[in-house]
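Chemist: Sharing a model prediction with you, sequence too.
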Amino acid sequence: GAGVSQSPSNKVTEKGKDVELRCDPISGHTALYWYRQSLGQGLEFLIYFQGNSAPDKSGLPSDRFSAERTGGSVSTLTIQRTQQEDSAVYLCASSPEPLNYGYTFGSGTRLTVV
Amino acid sequence: EDQVTQSPEALRLQEGESSSLNCSYTVSGLRGLFWYRQDPGKGPEFLFTLYSAGEEKEKERLKATLTKKESFLHITAPKPEDSATYLCAVQAGAGKSTFGDGTTLTVKP
């Protein structure tokens, strides 16, 4: 596609529920990244995919967080048993290769846990 | 661990008043330094990549420079539409970039 697409754009969920966030990267981009941005804060790295593999998942905050990528394209970030501290904007980005390229970001999913 | 520190946190300028934003970094083996612009409610937008000390990149009123310890984003004769948060990031290897907390620039007409 023309850009990185994320859905939903907004998600309000009750504490303890599971949520799935979707990212559709630019066609042909082999690298895909998930970041989290809390209100007024910088970007916190979560996980990086090269193709369908995740060489670096060091930023996932706990085992409640998981992500997958299929067909070298769409990625899903799943948060199980959501907590209030999970409230943030979840940003997905992609790049043609995993090195030496700037990222193209989506507009993010704003997650609110109530 | 890679670290990126941006200063100032916030900068208010009058239209036409030139200034610079600073990005100091600590990284073992810099492969690339990136500047992004982020508008409220949107994802960051890529501006520049700098690869080695001494390199400069320009785009309209923006010029980015790089030394071995820091990068500057110079804004010449800014306009109100340049108001945004500017983010700096470093990459030491394939994949993850480490971001600073950003400088929020406000340009008043």
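Modeler: That came through, no problem. Please read all numbers here as calculations on a predicted model, not as lab measurements.

Chemist: wait, what's in contact with the nearest residue to B:Glu9 once chain neighbours are set aside?
Modeler: Leaving aside its chain neighbours, B:Glu9 sits nearest to B:Thr103 (6.5 Å; criterion: C-beta to C-beta, 6 or more residues apart in numbering or on different chains). Placement of C-beta: from N, CA and C, glycine included. If you count contacts by C-beta atoms under 8 Å, 6 or more residues apart in numbering or on different chains, B:Thr103 has them with B:Gln6, B:Ser7, B:Pro8, B:Glu9, B:Ala10, B:Leu11, B:Leu21, B:Thr85, B:Tyr86.

Chemist: just how off-centre is the helix or strand harbouring B:Lys63 within its chain?
Modeler: For B:Lys63, the element it lies in under DSSP states H and E is strand B:62-66. Remark: strand B:62-66 is offset 8 Å from the chain centroid, using C-alpha atoms, centre = their mean, to the nearest Å.

Chemist: Give me the angle between whatever helix or strand comes next after that strand and strand B:62-66.
Modeler: Downstream of strand B:62-66, the next assigned helix or strand under DSSP H and E is strand B:70-75. Following axes from the mean of the first three to the mean of the last three C-alpha atoms, to 10 degrees, one obtains 170 degrees for the angle between strand B:70-75 and strand B:62-66.

Chemist: okay, now residue 51: neighbour count?
Modeler: Just going to use chain A. When counting by other C-beta atoms under 10 Å in any protein chain shown, one arrives at 14 neighbours for A:Gly51.

Chemist: Chain B is the one I meant
Modeler: 12.

Chemist: Now it. Nearest residue, chain neighbours left out?
Modeler: Among residues not flanking B:Tyr51 along the chain, B:Gly32 sits closest, at 5.7 Å (C-beta to C-beta, 6+ apart).

Chemist: so what's the one you found up against?
Modeler: Contacts of B:Gly32 by C-beta under 8 Å, 6+ apart are A:Leu99, A:Asn100, B:Thr49, B:Leu50, B:Tyr51, B:Val90, B:Gln91.

Chemist: what's the span of stretch A:104-113 from first residue to last?
Modeler: Length of stretch A:104-113, first residue to last, C-alpha to C-alpha, to the nearest Å: 27 Å.
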